[in-house]
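> Kindly generate the corresponding structure for this input.
(one chain, ligands or ions: 1)
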Amino acid sequence: MSAASPTPPFTPELEDFRQVVRRYVEAELRPHATAWEDAKWFPDEVFAGLAEQGYLGLKYPEAYGGSDGGYLADAVFTEELARCGSGGLAAGIGAHIGIATPPVWKFGTEEQKQRYLAPAIRGEKIAALGITEPGAGSDVASLRTSARREDGGFVVNGEKTYITNGVRADFIVTAVKTTAEGGHHGISFLIVDRGEGVTSSALEKMGWHASDTATIAFDDVFVPEENLLGREHEGFALIMANFQWERLLMALGAVGGMQVALERTVAYTKERTAFGRPLTGHQAVRHKLADLHATAHTGRCVTYDALRRFVDGENAVKEVTMAKLFTQRAAFEVIDACLQLHGGAGYMREYEIERMARDARLGPIGGGTDEIMREILAKTLSL
Ligand SMILES: Cc1cc2nc3c(=O)[nH]c(=O)nc-3n(C[C@H](O)[C@H](O)[C@H](O)COP(=O)(O)OP(=O)(O)OC[C@H]3O[C@@H](n4cnc5c(N)ncnc54)[C@H](O)[C@@H]3O)c2cc1C
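Here you go, the predicted structure:
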């Protein structure tokens, strides 16, 4: 949080909670970030540890083991998670609590919530969301993974790619085609358990190294009827509903990331001397830092505004889209400028700023690209 705390929509209680999360991240996650990045994996036990603190169920009802803290508690957690020092770690946790389990909560039957949401909140089952395919990313409606009806359920064939938690997930909330009809119609969701016919292959990436991003192949996978999530053929609405929270979480992560990068860069530029004075003694450096703070603050304001509207139940598509669009590019540019202000040290792994820059590059691509955000905005503006 910046100096002007608490900033609406957060209450003093949530600001206290922020300090608790900050201490947890600093003590339990950040010390391992480099090792987990190097290993290109973080242990599954991280989920159990987070569950013990109640962090996997902050917004979920107590009936499923959650703490009924609402979206704002989740928002605080997400912003603070950006301090963990690994975009991949934050992404793996975020995919579980922020994009894969919300559809089960929102659209699942009581039985599905007991079978998937409750163990996910306890950290016993890890979740992934499988929408993107080799031939369908931005153009979600052209996905081709098929689910053919058979006695008692569906038989799934196809391939998903770039799926976060794709190697470790115990279940994949998967978008499939349940009709031959093209376009938005005939998309459904199935909760697919890892098992026979489900194969994952990890992908190598520019950043987010600690997270297991994977291609998942489904080869004649039988999925029972009771794993149909939401109404058959109406999955497109689920995808769109889910995107709002995902994009807000990405904006919050970027806001947290910009703040950490700036804190470190201010400390570094005050310490490091050149031409007989600290770097901050040079007007160009001071002005650069001033501009970067203005950009980060703008990102925070736009994000908190969208968050407040979303939490109040407004149709906040326009504001959420603007927050996602603005903050993802801003985070990459702010962190890249922070890297520059570190000079050669910025290029070294020791200072973590190069990792932050690599990790931030995903923002304008994941969860809907910048270009798709502009398309959505244009629509909300009736253009
Ligand atoms: C590390 C990582 C993790 C991910 N995790 C998940 C996950 O957990 N689950 C999941 O389902 N997906 C996940 N994704 C997928 C991600 O959501 C997609 O990569 C993203 O939506 C873009 O789709 P695409 O890669 O197919 O790009 P494409 O759709 O092929 O786009 C290529 C380029 O064309 C542009 N473009 C496309 N259409 C238009 C248009 N109409 N107008 C102008 N420009 C256009 C795009 O903006 C982009 O610049 C992940 C991706 C990455 C890289």
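> what's the spacing between Phe243 and Val260?
26 Å (C-beta to C-beta, to the nearest Å). To be clear about C-beta, it is placed using only N, CA and C from the backbone, and glycine gets the same treatment.
> in the chain, what spans have low per-residue confidence?
Applying pLDDT under 70 to the chain flags residues 1-7.
> Pick out the residue of it closest to the ligand.
Gly137 (1.7 Å; C-beta to the nearest ligand atom).
> how far away is that residue from Glu263?
Distance from Gly137 to Glu263, by C-beta to C-beta: 34 Å.
> Compare those two (neighbour count), which wins?
A side-by-side neighbour count of Gly137 and Glu263, using other C-beta atoms under 10 Å, places Gly137 first with 18 against 12.
> quick one, helices of the stretch 1-150 of the chain?
12-24, 33-39, 45-53, 70-81, 87-94, 102-107, 110-112, 118-121 (DSSP state H, counting those that start in this stretch).
> Please identify the deepest-packed of those helices.
helix 87-94 (a mean of 26; mean count of other C-beta atoms under 10 Å).
> Is any residue of that helix near the ligand?
No - contact between helix 87-94 and the ligand is absent, the nearest approach being 6.8 Å (criterion: C-beta under 6 Å from any ligand atom).
> Can you name every helix or strand that that helix contacts?
helix 33-39, helix 45-53, helix 70-81, strand 153-164, helix 235-271, helix 353-360 (3 or more C-beta pairs under 8 Å, 6 or more residues apart in numbering; DSSP states H and E).
> Work out the gap between that helix and the centre of the chain.
7 Å (C-alpha atoms, centre = their mean, to the nearest Å).
> Repeat that for stretch 318-332.
For stretch 318-332, the distance to the chain centre is 13 Å (C-alpha atoms, centre = their mean).
> how about the residues of the stretch 1-150 of the chain that lie near the ligand?
Near the ligand, when you scan the stretch 1-150 of the chain using C-beta under 6 Å from any ligand atom, you find 95, 129-132, 137-138.
> and if we set it to 8 Å?
91, 95, 99-100, 128-132, 136-140 (C-beta under 8 Å from any ligand atom).
> Going along the chain, name the helices of the stretch 201-350 of the chain.
235-271, 283-311, 317-341, 344-347.
> Tell me which of those helices sits nearest to Arg355.
Of all those, helix 317-341 sits nearest to Arg355, with 9.7 Å by C-beta to C-beta.
> is it true that Trp105 touches Tyr60?
Yes - under the criterion of C-beta atoms under 8 Å, Trp105 makes contact with Tyr60 at 5.9 Å.
> Need the residues touching each of these two.
Leu117 (C-beta atoms under 8 Å, 6 or more residues apart in numbering).
> Quick check, central residue of the protein?
Computing the C-alpha centroid of the chain and ranking residues by C-alpha atoms, centre = their mean puts Gly94 first, at 4.4 Å.
> check contacts around the nearest residue to it once chain neighbours are set aside.
Distance criterion C-beta to C-beta, 6 or more residues apart in numbering; nearest residue to Gly94, sequence neighbours excluded, is Leu249 at 5.9 Å. Going by C-beta under 8 Å, 6+ apart, Leu249 touches 74-75, 78, 94, 98-99.
> what would the residues you listed look like in CSV with distance to Pro8?
Compiled in CSV, the contacts of Leu249 are given as follows (distance: C-beta to C-beta, whole Å):
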residue, distance to Pro8
Asp74, 17
Ala75, 12
Thr78, 17
Gly94, 24
Gly98, 22
Ile99, 26
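> how about those residues, which pair is most distant?
Ala75 and Ile99 (14.4 Å).
> Just give the nearest non-adjacent residue to Leu134, would you?
Not Leu; residue 134 is Pro. Distance criterion C-beta to C-beta, 6+ apart; nearest residue to Pro134, sequence neighbours excluded, is Thr161 at 5.2 Å.
> Any idea how many residues pack against that neighbour?
Thr161 has 19 nearby residues by other C-beta under 10 Å.
> what separates it from Glu133, distance-wise?
6 Å.
> ok, Phe222 to Ala214 distance?
For Phe222 relative to Ala214 (C-beta to C-beta), the value is 21 Å.
> Neighbour count for the two, which is higher?
Set Phe222 next to Ala214 and count neighbours by other C-beta under 10 Å: Ala214 wins out with 24 against 16.
> residues in contact with that one?
Residues counted as contacts of Ala214 (C-beta under 8 Å, 6+ apart) are 161, 163, 166-167, 200-203.
> let's go with 7 Å and repeat that
163, 166-167, 200-203 (C-beta atoms under 7 Å, 6 or more residues apart in numbering).
> Also Asn165?
92, 95-96, 126-128, 212.
> sorry, back to before: nearest to Gly70 among the helices of the stretch 201-350 of the chain would be which one?
Per C-beta to C-beta, nearest to Gly70 of the helices of the stretch 201-350 of the chain: helix 283-311, 7.1 Å.
> Would you mind listing the buried residues in the closest one?
285, 288-289, 292-293, 295-297, 299-300, 302-310 (16 or more other C-beta atoms under 10 Å).
> Also stretch 219-236?
Buried residues in stretch 219-236, counted by 16+ other C-beta under 10 Å: 221-223, 227-230, 232, 234-236.
> Show me the strands in the stretch 101-250 of the chain, by range?
Ranges of strands in the stretch 101-250 of the chain, per DSSP state E, counting those that start in this stretch, are 127-130, 146-150, 153-164, 171-177, 187-193, 198-202, 213-224, 228-229.
> What is the fifth one packed up against?
When contacts are defined as 3 or more C-beta pairs under 7 Å, 6 or more residues apart in numbering; DSSP states H and E, strand 187-193 packs onto strand 153-164, strand 171-177, strand 213-224, strand 228-229, helix 235-271.
> try 10 Å
Contacting strand 187-193 under the criterion 3 or more C-beta pairs under 10 Å, 6 or more residues apart in numbering; DSSP states H and E are the following elements: helix 102-107, strand 127-130, strand 146-150, strand 153-164, strand 171-177, strand 213-224, strand 228-229, helix 235-271.
> deepest of the ones you listed, which one?
Neighbour counts (mean count of other C-beta under 10 Å) averaged over each of the helices and strands packed on strand 187-193 peak at strand 127-130, with a mean of 28.
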